[in-house]
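Enquirer: Fold the following for me, if possible:
(2 chains)
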Amino acid sequence: DAKTTQPNSMESNEEEPVHLPCNHSTISGTDYIHWYRQLPSQGPEYVIHGLTSNVNNRMASLAIAEDRKSSTLILHRATLRDAAVYYCILRDLGNTPLVFGKGTRLSVIA
Amino acid sequence: ETGVTQTPRHLVMGMTNKKSLKCEQHLGHNAMYWYKQSAKKPLELMFVYSLEERVENNSVPSRFSPECPNSSHLFLHLHTLQPEDSALYLCASSSVPGLRQYFGPGTRLTVT
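Expert: Numbering: from 1, shown residues only, chains lettered A, B, ... in the order given. Sure, this is the predicted structure:
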């Protein structure tokens, strides 16, 4: 799997948007960009994924750079419940399991 | 609730004990996974099962022995563990290997 680079930690104020960056300069053409998050004392949960186009769902938006070498997970209004470790993971079309890095620890301040 | 349950949620065992972790998924998935999460380390994939057959074993010591009797259940049998095996053990499932994974809450294991 191609590697991703994320900041170790970020901080956000409650009710404000959060942009979580991810660099993946060695991404291949068949790699999907996945985001998972892990809340305290819980297992990871799926957030969103995309290939080339920007994606939106009820949890977040995913903005993918035109050259696909970076992406940004956007939480439109951070809440205290969004405090978690966010993982950006590349995964190809084959039957490959998820490979987790260290992720970004997001703190949300009331 | 993710549809993946794990028992027990907490386990303390001595190095000479034998215990088992259980995972059950209620999602009709065909692939199941064991991960280990040690303090301040990324999640490490241990085993992958697809249609009850082991398809991946990431150089895990033999003191960890997985079992998948059917597509809904996955076990991790533990024996003669070491204190460094203390960690959060997470189970996950997906409809096929490679697709979106659903994780259980984990079993917090402490080896004394």
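
Enquirer: For residue B:97, give me the pLDDT.
Expert: Residue B:97 is assigned 72 on the pLDDT scale.

Enquirer: again with the one 10 residues further on
Expert: At residue B:107 the predicted local distance difference test score is 97.

Enquirer: And it, how far from chain A?
Expert: Separation of residue B:107 from chain A (CB to the nearest CB, to the nearest Å): 10 Å. For every residue, glycine as well, the C-beta is placed using N, CA and C.

Enquirer: So that residue is in contact with residue B:87, correct?
Expert: No. Shown here, residue B:107 and residue B:87 do not form a contact pair, counting by CB atoms under 8 Å, at 9.3 Å.

Enquirer: What is the neighbour count of residue A:26?
Expert: Residue A:26: 12 surrounding residues under other CB atoms under 10 Å in any protein chain shown.

Enquirer: quick one, phi/psi of residue A:80?
Expert: As for residue A:80, its main-chain torsions (degrees, to the nearest 10) stand at phi -60, psi -30.

Enquirer: I'd like to know how far whichever residue of chain A sits closest to chain B sits from residue B:103.
Expert: Among the residues of chain A, residue A:43 lies nearest to chain B; the distance is 3.1 Å by CB to the nearest CB. Distance, residue A:43 to residue B:103, using CB to CB, to the nearest Å: 3 Å.

Enquirer: Pull the contacting residues for the residue of chain A closest to chain B.
Expert: B:2, B:4, B:90, B:91, B:92, B:103, B:104, B:105, B:106 (CB atoms under 8 Å, 6 or more residues apart in numbering or on different chains).

Enquirer: Apply 6 Å and report the result again.
Expert: With contact taken as CB atoms under 6 Å, 6 or more residues apart in numbering or on different chains, residue A:43 is in contact with B:90, B:103, B:104, B:105, B:106.

Enquirer: The second one touches residue B:92, doesn't it?
Expert: Yes. A contact is recorded between residue B:103 and residue B:92 when judged using CB atoms under 6 Å, the distance being 4.6 Å.

Enquirer: These two: who's more crowded?
Expert: residue B:92 (27 against 24).

Enquirer: partners of residue B:37 in the sheet?
Expert: residue B:88 (DSSP bridges).

Enquirer: For burial, what's the neighbour tally of residue B:43?
Expert: If we define neighbours as other CB under 10 Å, then residue B:43 has 26 of them.

Enquirer: Name the nearest residue to it, ignoring sequence neighbours.
Expert: residue A:100 (4.1 Å; CB to CB, 6 or more residues apart in numbering or on different chains).

Enquirer: any idea whether the residue of chain A closest to chain B is helix, strand or coil?
Expert: With DSSP: H, G, I helix; E, B strand; the rest coil as the basis, residue A:43 sits in coil.
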